[in-house]
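>>> Fold the following.
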Amino acid sequence: MNYHLVLTRRCNLNCQYCHGGEETGPETEIQYSLDELTQFLNKDEDIQLMLYGGEPTLRIPLIVELMNRFPPARFMLQTNALLLNKIPAVFAKRFHSILISIDGPENVTDGYRSKGVYQRVLENVRWLESIGYEGDIVARMAVSQESDIYRDVTHLLNLRNPVFHHVHWQLNVIWDAEGNWQDFDKWVEESYNPGITRLIEDWIEKMEDGIVEGIVPFIPLIYSMLTGETSTMRCGAGIDTFAIHVDGSIGICPISPDWEFSIVGDIRKSHPKDLRNIMTLDEPCLSCDEYGVCGGRCLFTNKQRLWGEEGYKKVCNTVTHLVQSLRRQIPVIKRYITEECISLDDFKYPEFNNGCEIIP
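Residues are numbered from 1 along each chain as shown. Got it, this is the predicted structure:
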């Protein structure tokens with residue numbers, strides 16, 4: 001099973017689309033003992049711990065203690081990377097994947113996150129490379145109204161010092177749109193959807209030279225289309241992926257600790273086998289023509305729908321555009337595979353669930 005382990009709800013940034021830096025007080029910190037956590041996790045034969053926050057690197061001694069306590073576990077990290085180089089190198093190198101928050105070029109990243117963040121992130125990713133880190137370095141973008149998806153993804157893919165192996169993004173479409181978007185419809189029509197189309201065209205063009213760039217939403221969707229393998233909730237929420245919140249409660253997702261419906265257990269009382277497949281999607285996802293490829297987008301938004309029914313459909317339309325634009329390229333991709341420019345294995349990603357939700 002995969003567990004997002006929320007090490008703290010505090011953050012050392014206060015980004016425009018998150019406001020996580022506003023979390024204060026004792027309730028932001030872990031309120032269970034590591035012995036209690038151990039008793040729960042020892043009931044699971046194969047554990048993966050995805051360290052999460054807030055900002056998990058605010059609790060580096062805890063990271064070290066967890067890695068020492070659970071040596072067989074597979075570890076992932078989601079971080080804003082400002083304190084990444086403070087993790088002892090021997091422990092940093094143990095992460096299978098590190099998802100690093102960066103939103104595109106310097107002016108975009110700093111505009112959302114704070115002045116100077118972009119350069120500090122790149123400096124600390126270069127530090128990762130300098131210590132011989134061999135895992136997957138993922139640029140994890142938060143995409144909002146100042147974003148240009150084509151410009152920003154292309155910028156991150158083209159960086160060479162340092163290099164991001166994969167680029168992944170999430171749209172700022174979960175919380176209330178009020179104040180977050182001036183004109184979401186116009187942005188989708190004039191910027192986002194055309195940008196997706198251009199990204200796909202560039203991505204396909206490079207395949208002729210044997211290059212499958214690490215654009216995370218594209219890769220696993222193409223694999224499903226090529227193999228016919230359908231997906232049920234690509235992020236795994238409510239199926240085999242859960243969050244352990246700071247109070248010891250277990251939720252379907254790390255972003256939703258304050259919604260009662262999302263809490264499905266507690267480390268002091270629950271058994272991992274009782275959590276698997278505990279929550280499923282509601283309509284309209286199950287009847288959607290693209291459900292087998294999309295997998296349902298987001299379990300939390302499916303249940304809560306903070307944008308309302310109309311807003312929910314608007315975001316689904318962006319996914320439909322993405323899926324259908326990729327599907328049109330399947331004949332070309334099959335030809336490149338037949339010609340051995342690329343292989344089916346190039347689209348097997350991620351190796352393990354690494355916190356990339358896949359569907360923006």
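>>> Before we move on, what's the pLDDT of the closest residue to Phe347 other than its chain neighbours?
The spatially closest residue to Phe347, leaving aside those adjacent along the chain, is Tyr223, at 3.9 Å (Cβ to Cβ, 6 or more residues apart in numbering). Just so you know, the C-beta spots here come from the backbone N, C-alpha and C atoms, and that holds for glycine as well. The score at Tyr223 is 98. That number is its pLDDT.
>>> how about Tyr223, phi and psi?
Recorded main-chain torsions at Tyr223 are phi -60, psi -40, according to degrees, to the nearest 10.
>>> what ranges do the helices span in the protein?
34-41, 60-69, 89-92, 106-113, 117-130, 149-158, 184-187, 193-207, 218-227, 291-294, 299-304, 308-327, 330-338 (DSSP state H).
>>> mind checking which of those is nearest Phe75?
helix 60-69 (6.4 Å; Cβ to Cβ).
>>> Touching the closest one from outside, list them.
Outside of helix 60-69, the residues within contact range by Cβ atoms under 8 Å, 6 or more residues apart in numbering are 5, 7, 30, 34, 38, 49, 51, 56-57, 73, 75, 83, 86-88, 91, 94.
>>> Apply the buried test to the residues you listed and list what passes.
Buried residues within the contacts of helix 60-69, defined by neighbour count using 16 or more other Cβ atoms under 10 Å: Leu5, Leu7, Ile30, Leu49, Leu51, Pro56, Thr57, Ala73, Phe75, Leu83, Ile87, Arg94.
>>> Verify the stated contact: the first one with Leu49.
Yes. Using Cβ atoms under 8 Å, Leu5 makes contact with Leu49 at a distance of 5.1 Å.
>>> rewinding a little: now for the buried ones among the contacts of helix 60-69: which two are most distant?
Across those (Cβ to Cβ), the longest gap, 21.8 Å, separates Ala73 and Leu83.
>>> quick revisit: mind listing which of the buried ones among the contacts of helix 60-69 are in strands?
Leu5, Leu49, Leu51, Phe75 (DSSP state E).
>>> how many neighbours does the nearest residue to the third one once chain neighbours are set aside have?
Right, the one you point to is Leu51. Closest residue to Leu51 apart from its sequence neighbours, by Cβ to Cβ, 6+ apart: Leu77 at 4.9 Å. Residues lying near Leu77 (other Cβ atoms under 10 Å) number 25.
>>> what sits against Leu77?
Applying Cβ under 8 Å, 6+ apart, the residues near Leu77 are Met50, Leu51, Pro56, Thr57, Phe95, Ser97, Ile98, Leu99.
>>> partner residues bridging the first one?
Beta bridges link Met50 to His4, Met76, judged by DSSP bridges.
>>> What of the last one?
Each beta-bridge partner of Leu99 is listed here, defined by DSSP bridges: Gln78, Val138.
>>> quick one: pLDDT of His19?
Value for His19, per-residue pLDDT: 61.
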